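**Student:** I need the structure of the sequence given here:
(2 chains)
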Amino acid sequence: MLWKIAWRNLWRHRGRTIIMTSAVALAYALMLVGMGLNDDGHRRMLEEAARAAGGQVLVHADEYWNTRASDLVIRDAAQVAGRVGAVDGVRAVMPRVLLTGLVSTAAGTRPALLQGIEPAAEAPLHDPAEDLVAGTFLTGDEDRPIVLGARLVEELGVGLGGRVVLTASDVDGEVTRALFHLTGVIRTGTRALDEILAYTTVEAAREAVSMDDKLTQIGVLAGDGHNPIELAGAIAAALDDLPQDLEVLPWQEAVPEMVGFTELDDAFGYVYMAVIFLVVLFSIANTFLMAVLERVRELGLLSALGLRGRRVAHLLLAETALMTVLAMGIGFAVGFAGHLAAAQWGISVAMWGLEEIEISGIDMADLVIYSEIRPFKWFMGSALVAVATIASSLYPAWRASRLAPAEAMRFFE
Amino acid sequence: MPNDAFAQGAAAGPGTAVADRPLIMVRGVTRVYRQGALEVHALRGVDLDIAGGEFCGLVGPSGSGKTTLLNVIGGLDHPTAGTVHVAGHAVTELDKGDAADFRLAHVGFIFQAYNLVPVLTAYENAEFTMLLRGVPAGERRRTVMPLLERVGLATEGNRKPHELSGGQQQRVAIVRALATRPDIVLADEPTANLDSETSSGLLDLMDELNRELGTTFLFSSHDPVVIERVRRLIRLRDGRVVEADAAG
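**Tutor:** Reported below is the predicted structural model:
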C-alpha cells in the first residue's frame, strides 16, 4: 500500500515530477554517454600515445630515452631482438635506428628526425606508407631511399629522385655525411611532423652512420590482454644477463605526460559530473522538503492512523526510489541510445574545430572518439546515482518521520 | 507491522475493559503548550472515566481543551502531567512508535476535515488501517464492503476523496475508524463542516454502530446536533471538566 501511495503521490504534481525525473534522467544519460566517450577517447589517446612513442614497450641502451645521445645504442641487436621476440606476450618487434641531424639539398638545410625502419615490421603498429602522397615508401628496390615530410620537401626544394644529404653523429660521436635519394613524400597532417620527419630503411640508416649490427630502439607491441608494464618487466628479465645495460620502458613511462593528461581529464570529468549531480540532488532534496511541508497534515493523518514514524519516512523514500527508478530507466534508455550512436558513428575531434590539436606533442587531430562501455564502471556510476538520489530525500524523510501527529493535524487549521 | 501486544489487546474486541476498570481512565492530566515565553494551559488536571460502549461527547467553547483531551486519550499528544489508561494500556507511558501501534490497535479516528488520504480511493481509505495491521485482502473486503454498504457508499468505492462530498468523506472515515473494530472511536468535531441534515444522518449511523458493535464513541463538538444525540455529556471549560454525567 505504501508503494501504491508513493506512486500516486508522485503524480499529484505531474509537472514537478516530470521536471525532477527529467533532470535526473538527463544528468544520468549525460553521465553514461560521457563515461563512454571518455573511456573510448582516453583509450584511443593512449593508443595514439603508444603508437607515437614507437610501441607499447621500448628497448634502448640505458639512458638513451632521456639523453637521445647517438652513442647509446643496442649492440648485438639481432640477439637482443631475438630474445625480446621470444618473450611471452610480445606480438611484434620493430627494430629502429633513430638519427637526429640535418638534411641538405642545393636549396637549403633543415633539421630532421630520420627513422630507419623495417616497413613490414612497423605495419602492426602503424603503417607510415598510409601517409604517402607521392613516390614509393621503402619498397626495398630503391638505392639509399629517403622519404620526407611534405613541408620538409618544400623547404628543401627537392623532387622525387633528388639527392638529399644527411649530416649526423655516428656512434663514436663523429659527424658523418650520407647521401640519400628522395623516393617518397608523406603528409602526416601534423605540421610539426611534416617539417622534420624522415624515413629510410634500417640498413640504409646503419650504413649512413656506420652502426653495423646495432640499433637505437626496439619497439614492442603487446599481444591482446597483455599489460605493457608487466610485459616490460618480463622483457627486462629476459635481457638481464646480456653484457650491456639496456632500458626497457613501458610506453606509460616513455610518455608519462599523456597518462597524466588522461588522469587529469578523468578527474575533471568526475568533478564536472559531481557538480551536475550536486545541483540535481539539492533540487530533489528541496523539492521533497517542500512536498513534506505541503503534506504535513496528510502525513500527520497517516501517523494518527497508526503509521509509525519510520514508515512515514519509508513512504517518502519510496517516492524518491520510484522516481529514481523511473528517471534512471529513461536516463539509461537515452544514455544507451547515445552510446550506440556514438559507438556507431563516432565523434571526430576535428569536427569540433580542433584540426591542429596535439597533446604532449602527439597529434590528436585525426582522432575519432567512439563510445565504449565498461560494464563495471557503468554499474558503479549507476549505483552511485541511485544511492545519491535516494540519499537526497533522507533529510526530508527524516523530517517527515519526526512530525508529531497532533501538531501535524493542526497544521493548516 | 504493529506491536503484537497492542494487536492482541485489540483482538479482544471493542469495549473490552480490563477487569472492572473503565475503558478510558484519565487522571490529573495537564497539558501546557509553550509559545515562546507564553504558556498556554490547554488542560488543567483533568480526571475522567469512560466505560466501554459509551456514546459520549466532550463539549465546551473553543479553546476549552476538547481536541487536546481527545489527542491525549488517543495517544496523539503527550500530556505535561498525569496519566491516561485506555483498555488497560498506559498511553502516557508509550513512546512515539508504540503510541502509533496503540492507535492502530485500539483507536479509530474521525477528524473534522482532511480525513482521507487524497491519493487513495474511498475503498482503499476505508481498508487502510486494516491493511496496516496486516489483515489479508479477502478479510478486508469482507469487513469493509458491508460497512460501506451500511453507510450508503458501496457504489462509490472507486472514487477519490475529491470526488466525494464532505458528508461522504466523513462516512468513509467512519468506516475506516470502525473497520478494525477498535475499542474507541475518537471523533473530533466530525460534523463541523457538514450541514445539519448530513450531520444528523452521520450521528444516526454512529449511534447505530455503537449499539450494534458496542464500540465506544467519544466526540468533541459544540454542534447542538451532536450534543442532543450523545448519551453522556462531558463539559470542559478552560481545560477543566466542569460537568460530567456518571460513567457508563
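
**Student:** can you give me the strands in the chain?
**Tutor:** Since no chain was named, I'll use chain A. A:57-61, A:90-105, A:108-117, A:132-135, A:145-149, A:163-169, A:175-186, A:197-201, A:217-222, A:246-250, A:347-348, A:358-359, A:362-363, A:368-369 (DSSP state E).

**Student:** meant chain B, my bad for not saying
**Tutor:** Going by DSSP E, chain B shows strands at B:24-35, B:38-50, B:55-59, B:81-86, B:89-90, B:107-110, B:184-188, B:216-221, B:232-237, B:240-244.

**Student:** Mind putting those strands into a markdown table with distance to chain A, mean pLDDT and mean neighbour count?
**Tutor:** Any C-beta I mention is one placed from the backbone N, CA and C, and that applies to glycine too. Below are the strands of chain B laid out as a markdown table (distance: least, Cβ to the nearest Cβ, whole Å; pLDDT from 0 to 100; neighbours: other Cβ atoms under 10 Å in any protein chain shown):
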| stretch | distance to chain A | mean pLDDT | mean neighbour count |
| --- | --- | --- | --- |
| strand B:24-35 | 10 | 92 | 18 |
| strand B:38-50 | 11 | 92 | 17 |
| strand B:55-59 | 16 | 92 | 24 |
| strand B:81-86 | 14 | 94 | 20 |
| strand B:89-90 | 14 | 92 | 17 |
| strand B:107-110 | 5 | 92 | 28 |
| strand B:184-188 | 8 | 92 | 27 |
| strand B:216-221 | 13 | 92 | 27 |
| strand B:232-237 | 17 | 92 | 19 |
| strand B:240-244 | 20 | 82 | 16 |
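
**Student:** And the residue of chain B closest to chain A?
**Tutor:** B:L104 (2.6 Å; Cβ to the nearest Cβ).

**Student:** who in chain B is up against chain A?
**Tutor:** B:2, B:71, B:74, B:76-77, B:96-97, B:100-101, B:103-105, B:109, B:111, B:114-115, B:117-120, B:124, B:128-129, B:131-133, B:176 (Cβ under 8 Å from any Cβ of the partner chain).

**Student:** ok, of the residues you listed, which come out buried?
**Tutor:** B:2, B:71, B:74, B:76-77, B:96, B:100-101, B:103-105, B:109, B:111, B:114-115, B:117-120, B:124, B:128-129, B:131-133, B:176 (16 or more other Cβ atoms under 10 Å in any protein chain shown).

**Student:** count of neighbours near residue 168?
**Tutor:** Picked chain A for this. 20 (other Cβ atoms under 10 Å in any protein chain shown).

**Student:** wrong chain, I was asking about chain B
**Tutor:** 19.

**Student:** before we move on, back to that, so which of the buried ones among the residues of chain B next to chain A are in helices?
**Tutor:** B:71, B:96, B:100-101, B:103-105, B:124, B:128-129, B:131-132, B:176 (DSSP state H).

**Student:** Now pLDDT too, for those, in CSV please.
**Tutor:** Below are these laid out as CSV (pLDDT from 0 to 100):
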residue, pLDDT
B:N71, 92
B:K96, 89
B:A100, 92
B:D101, 92
B:R103, 93
B:L104, 92
B:A105, 91
B:E124, 94
B:F128, 93
B:T129, 92
B:L131, 91
B:L132, 90
B:R176, 93
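
**Student:** Using CSV, write out every CA atom in stretch B:207-214.
**Tutor:** Provided in CSV are the C-alpha atoms of stretch B:207-214 (Å, rounded to 0.1, in the frame of the first residue of the first chain):
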residue,chain,number,x,y,z
ASP,B,207,-25.4,5.7,17.1
GLU,B,208,-26.5,2.5,15.4
LEU,B,209,-23.0,1.2,15.0
ASN,B,210,-22.3,2.0,18.7
ARG,B,211,-25.4,0.0,19.7
GLU,B,212,-24.7,-2.8,17.2
LEU,B,213,-20.9,-3.2,17.7
GLY,B,214,-20.6,-1.9,21.2
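
**Student:** what residues are up against A:E319?
**Tutor:** A:6-7, A:9-10, A:288, A:291, A:393 (Cβ atoms under 8 Å, 6 or more residues apart in numbering or on different chains).

**Student:** give me that answer again for 10 Å
**Tutor:** A:2-3, A:5-10, A:17, A:288, A:291, A:393, A:396-397 (Cβ atoms under 10 Å, 6 or more residues apart in numbering or on different chains).

**Student:** among these, which are in reach of chain B?
**Tutor:** A:2, A:5-10 (Cβ under 10 Å from any Cβ of the partner chain).

**Student:** Among those residues, show me the least confident.
**Tutor:** Least confident of the ones next to chain B among the contacts of A:E319 in the model: A:L2, at 82.

**Student:** What about the closest residue to it other than its chain neighbours, how many residues nearby?
**Tutor:** Leaving aside its sequence neighbours, A:L2 sits nearest to A:L315 (Cβ to Cβ, 6 or more residues apart in numbering or on different chains; 5.3 Å). Counted with other Cβ under 10 Å, residues neighbouring A:L315 total 22.

**Student:** A:L307 is in contact with A:L315, correct?
**Tutor:** Yes. Because the distance of 7.8 Å satisfies Cβ atoms under 10 Å, A:L315 is recorded as touching A:L307.

**Student:** Quickly list what's touching both of those two.
**Tutor:** A:2, A:299, A:401.

**Student:** between the residues you listed, which has the most around it?
**Tutor:** A:L299 (27 neighbours).

**Student:** what sits against it?
**Tutor:** So A:L299 contacts A:291-293, A:307, A:309, A:312-313, A:315-316, A:399-401, A:403, A:405, A:408-409, A:411 (Cβ under 10 Å, 6+ apart).

**Student:** Just these: which are in helices?
**Tutor:** Per DSSP H, those map to helices at A:291-293, A:309, A:312-313, A:315-316, A:399-401, A:405, A:408-409.

**Student:** Including pLDDT, could those residues go into a markdown table?
**Tutor:** Shown next, in a markdown table, are the ones in helices among the contacts of A:L299 (pLDDT from 0 to 100):
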| residue | pLDDT |
| --- | --- |
| A:A291 | 81 |
| A:V292 | 83 |
| A:L293 | 84 |
| A:G309 | 90 |
| A:V312 | 91 |
| A:A313 | 92 |
| A:L315 | 91 |
| A:L316 | 89 |
| A:R399 | 87 |
| A:A400 | 88 |
| A:S401 | 90 |
| A:P405 | 84 |
| A:A408 | 78 |
| A:M409 | 73 |
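
**Student:** Out of those residues, which comes closest to chain B?
**Tutor:** A:P405 (4.7 Å).

**Student:** give me the beta-bridge partners of the most centrally placed residue in chain B?
**Tutor:** With distances taken as Cα atoms, centre = their mean, the residue of chain B nearest its centroid is B:L186 (1.5 Å). Assessed by DSSP bridges, B:L186 has beta-bridge partners B:F109, B:L218.

**Student:** Can you give me the distance of it to B:S64?
**Tutor:** Distance of B:L186 to B:S64, computed by Cβ to Cβ, to the nearest Å: 16 Å.
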